[in-house]
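Sharing a model prediction with you, sequence too.
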Amino acid sequence: MTDTTPIDPDVLSLFRCPLTRSPMTQQGNELVAEVGGLRYPINDGIPILLIDEAKLPEGIATLDEFKQKFAGQIPG
């Protein structure tokens, strides 16, 4: 079951994409990274911030392809 209840803005401001470390916004039942657009699910009100659980943006087939495309924006 998924929950589309908005996350408190103060709490949301603390979340960062675990790969790009960019801020995130909530879109429905997902958190979306500002850099690259990785989409992380929210299950039962709990964000699942695991890179392996993220949906890749359209047009990118693999995580390696994502990392190459956004290499300059991913902290070392």
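All right, it came through fine.

What residues are bridge-paired with the closest residue to C17 other than its chain neighbours?
The spatially closest residue to C17, leaving aside those adjacent along the chain, is A33, at 3.6 Å (Cβ to Cβ, 6 or more residues apart in numbering). All C-beta spots, glycine's among them, are computed from the backbone N, C-alpha and C. Listed beta-bridge partners, A33: M24 (assigned using DSSP bridges).

for A33, what are its contacts?
With Cβ atoms under 8 Å, 6 or more residues apart in numbering as the criterion, the residues that contact A33 are 17, 19-20, 22-24, 39-40.

Report the mean confidence score over the longest helix anywhere in the chain.
The single longest helix within the chain, with elements called by DSSP state H, is helix 63-69. When pLDDT is averaged along helix 63-69, the result is 96.

Report pLDDT for the residue nearest to C17.
At A33, the predicted lDDT confidence score is 98.

again, but for T2
The per-residue pLDDT reported for T2 equals 50.

same deal with G45?
Reported pLDDT for G45: 87.

same thing with T5?
Confidence at T5, expressed as pLDDT, is 85.

From Q26, how far off is the residue nearest to it when sequence neighbours are not counted?
Of all residues beyond its chain neighbours, the one nearest T5 is G45 (6.2 Å), with distances taken as Cβ to Cβ, 6+ apart. Distance, G45 to Q26, using Cβ to Cβ, to the nearest Å: 11 Å.

now do N43
14 Å.

In terms of neighbours, single out the busier of the two.
The neighbour comparison of N43 against Q26 (other Cβ atoms under 10 Å) goes to Q26, with 17 against 12.

backbone phi and psi for that one, please?
Here is the backbone geometry of Q26 (degrees, to the nearest 10): phi -100, psi 130.

That one and T5 touch, don't they?
No - in this structure, Q26 sits apart from T5 without contact. The criterion is Cβ atoms under 8 Å, and the distance is 9.6 Å.
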